[in-house]
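**Q** Next come a sequence and a model predicted from it.
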Amino acid sequence: MTIRRATTGDAEAMRAIYNHEVQGFLTTTDIVPRSLDEQRSWINERSGAFAAVVAVLGDGSDDEQVVGFASLSKFKERPAYATTVENSVYVSRAHGGMGSGRTLMERLITDARDGGFHAIIARVEASSEASRALQRALGFELVGVERQVARKFGRWLDMAILQLML
């Protein structure tokens, strides 16, 4: 497995992974699937310290397969929050449990440190023990729970807030 910067050529594979989560799981609170153009725009909007990365299987030729992706985003728009970022990580259900989520997260943490950030925030649906365990294994600590702040599939969702100080 290789981790590299995402390109617009990865858009369809990333979109497929993301939309599967949107339509069937609580991994994201998004409820509207992305179009291919929206996914390409999402990739194009990420640059520098906020670039998206992908986990790929294969040798870099045409048989390369994107199995997951991750990104850092601004935590808040106000300048006082400029040294804090929020992470996002998505892995294909067919490739879960193979370490790609951890490898993507390790890359994000390195990128955040190299980018001069001070803290990373992870916002995870509170009942997702696997997501919370991944964050904890990498040093994130639970700092709070936002109660019933999202609604998806007819349910109110709590969001666990985890934080890693860099």
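**A** Cool, the structure landed. Numbering: from 1, shown residues only.
**Q** Quick one: residues contacting the residue nearest to residue 113 when sequence neighbours are not counted.
**A** Nearest in space to residue 113, with sequence neighbours left out and distances taken as CB to CB, 6 or more residues apart in numbering, is residue 166 at 5.1 Å. For every residue, glycine as well, the C-beta is placed using N, CA and C. Taking CB atoms under 8 Å, 6 or more residues apart in numbering as the criterion, residue 166 is in contact with 109, 112, 113, 117, 118, 119, 120.
**Q** now residue 32
**A** With contacts defined as CB under 8 Å, 6+ apart, residue 32 is in contact with residue 22.
**Q** Quickly note the distance from it to residue 74.
**A** To residue 74, residue 32 is 21 Å away according to CB to CB, to the nearest Å.
**Q** any chance you could map the strands in the protein?
**A** Secondary structure of the chain, counting by DSSP state E: strands at 2-5, 52-57, 65-74, 84-91, 119-125, 141-152, 155-165.
**Q** pLDDT averaged over the third one, what's the number?
**A** For strand 65-74, the mean per-residue pLDDT is 96.
**Q** List the pairing partners of it within its sheet, with orientation.
**A** Sheet pairing of strand 65-74 (DSSP bridges) gives strand 52-57 (antiparallel), strand 84-91 (antiparallel).
**Q** again with the fifth one
**A** For strand 119-125, the paired strands and their directions (DSSP bridges) read strand 84-91 (parallel), strand 155-165 (antiparallel).
**Q** Looking at these, which is nearest to residue 25?
**A** Of all these, strand 84-91 sits nearest to residue 25, with 9.9 Å by CB to CB.
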